[in-house]
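A.B. asks: I need the structure of the sequence given here:
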Amino acid sequence: MRSHEVLIEGYNRIQEEVHAVVDGISVDDLHARAGDAANSVAWLIWHLTRVQDDHVADAAGLEQVWLAGGWAGRFDLPLSETDTGYGHTPKQVGQVRVASGELLTGYYDAVHEQTLGYLGDLKDADLDRVVDEGWDPPVTLGVRLVSVLSDDLQHVGQAAYARGLL
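C.D. replies: Residues are numbered from 1 along each chain as shown. The predicted structure is shown next:
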């Protein structure tokens, strides 16, 4: 197995888990929160997808699916179109409301497709390219892709837990 194939396997697992959490959930349960400061399933799935979209598109030199695919308009959230949910207050978490689980999985699947298209062409040497010099040490493509993978798996696990509480 080559490094890009390992990454593809990891990102495929995120997609499987996103669908497992969202499929069959009611709109009310998508927005339910265990407490005033807790995250909803809808926010967690939206956020993990926005982060993957933002970070992978940036590293790949691609336009975000959120904007290019018209998803920002379909979601019609009262947030900036560039918002990824990072640092959201409880009030902002509550503003992420969706019409259906299919909207969330549709956006995730579109981001996943772009991610896999990019990963499929990667060579091992590409993973050493610095994509963010704002950190010490600078972040390489390999580190960024694993970071997104880790963050997404944590958030989809939180979403599964939140759904389980319902």
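A.B. asks: check which helix or strand covers the residue positioned nearest the centre of the chain.
C.D. replies: By CA atoms, centre = their mean, the chain has its centre lying nearest to residue 49, at 2.0 Å. Here residue 49 sits within helix 41-60, counting by DSSP states H and E.
A.B. asks: Please work out the average pLDDT along that helix.
C.D. replies: Here helix 41-60 scores 98 as its mean pLDDT.
A.B. asks: what's it packed up against?
C.D. replies: Helix 41-60 sits against helix 3-22, helix 27-31, helix 65-68, helix 101-119, helix 141-165, with contacts defined as 3 or more CB pairs under 8 Å, 6 or more residues apart in numbering; DSSP states H and E. To be clear about C-beta, it is placed using only N, CA and C from the backbone, and glycine gets the same treatment.
A.B. asks: Redo the ones you listed as a markdown table? Include mean pLDDT, distance to residue 125 and mean neighbour count.
C.D. replies: Below are those laid out as a markdown table (pLDDT from 0 to 100; distance: least, CB to CB, whole Å; neighbours: other CB atoms under 10 Å):
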| stretch | mean pLDDT | distance to residue 125 | mean neighbour count |
| --- | --- | --- | --- |
| helix 3-22 | 97 | 10 | 18 |
| helix 27-31 | 98 | 42 | 16 |
| helix 65-68 | 98 | 26 | 20 |
| helix 101-119 | 98 | 15 | 20 |
| helix 141-165 | 97 | 10 | 18 |
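A.B. asks: Pretty sure residue 51 sits against residue 86.
C.D. replies: Yes. Residue 51 sits in contact with residue 86 when judged by CB atoms under 8 Å, with a separation of 7.3 Å.
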